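Student: sequence plus predicted model, see below.
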Amino acid sequence: MVVMTTTVEREDAFERSLDRVLLIGASRGLGLALADEWSGLGRQVVATVRGSSRTPLHDLADHDGREIEIETVDITEPDQIAALRERLDGRTFDLLFVNAGVTNEPEGTVAETSDEEFTRVMITNALSPLRVIEALADLVEPDGTIGVMSSGQGSVANNVNGGHEVYRGSKAALNTYVRSYAARHAGGRRSLVLMAPGWVQTDLGGSEARLTVDDSIPNVVTTLDSLSGSTDLRYVDYLGRTVPW
């Protein structure tokens, strides 16, 4: 059963809100929905797309009253991450949230996956988010939040059915690397969150997914707000429930 937040709960969360958001990967899917949710709540959002083509994010940013600033970065290109950092120099944010990610095509076991496809997925989902965090973390307030879109499929403990092996492995690796980052920054005041949004009906999740975007994303935002001020790494789902490593 999906537990939705009430209006009172949403208002309470807004009082603890992360008002200035740097969102990496927002051209479509969950990233676009996050930009929609945050800007709809009056947050100031800097959101990124990968290329120069017009995207649904541009359409959203054109809406009256939406504070969305669009930047461009391909997180698999270190030079582009560095250029984004330079363009944002002097800015500060309450939340850095890294959403960008891919799945593998065609689906298959690890042994059936080509070197090129395995490398693409691992670089995009595991290596590149850490490069983004390392490059942009100093733009986050000392008591701000750094969040990363993970997945319940990144849980090693919960992997009892197999399947989606390359994607699962990339998210498990992502979780491990963020945990290592947290260990290196132990004693800091920033919140660190690995977010599992649930199985959501997007291009990546597919039409058979259990949740709609409206089931997941408002709760993701509320959960991130509720964890603001915590100083330990949390791996949670969209309802704030702890996901086993």
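Tutor: Happy to help now that I have it. Numbering: from 1, shown residues only.
Student: burial of Tyr232, as a residue count?
Tutor: No, residue 232 isn't Tyr; it's Asp. As a burial measure, the neighbour count of Asp232 was computed by other Cβ atoms under 10 Å and equals 9. Using the backbone N, CA and C atoms, a C-beta is placed for each residue, glycine as well.
Student: got a list of what it touches?
Tutor: Asp232 makes contact with 182, 192, according to Cβ atoms under 8 Å, 6 or more residues apart in numbering.
Student: gap between it and Ala172?
Tutor: Separation of Asp232 from Ala172 (Cβ to Cβ, to the nearest Å): 20 Å.
Student: check Val132 too.
Tutor: Counting by Cβ to Cβ, the gap from Val132 to Ala172 is 19 Å.
Student: repeat for Asn158
Tutor: From Asn158 over to Ala172 (counting by Cβ to Cβ), the distance is 10 Å.
Student: may I have the phi/psi pair for Pro129?
Tutor: The phi/psi pair for Pro129 (degrees, to the nearest 10) reads phi -60, psi -40.
Student: excluding its backbone neighbours, what's nearest it?
Tutor: Closest residue to Pro129 in three dimensions, ignoring its sequence neighbours and counting by Cβ to Cβ, 6 or more residues apart in numbering: Val98, at 4.5 Å.
Student: tell me the bridge partners for that neighbour.
Tutor: For Val98, the beta-bridge partners are Ile24, Val148 (DSSP bridges).
Student: please apply the same query to Val45.
Tutor: In this entry, Val45 is beta-bridged to Val21, Ile68, by DSSP bridges.
Student: and for it, the neighbour number?
Tutor: Counted by other Cβ under 10 Å, the residues lying close to Val45 total 29.
Student: thinking again about what came up before, give me the more crowded residue out of Val132 and Ala172.
Tutor: Between Val132 and Ala172, counting by other Cβ under 10 Å, Val132 is the more crowded of the two (25 against 20).
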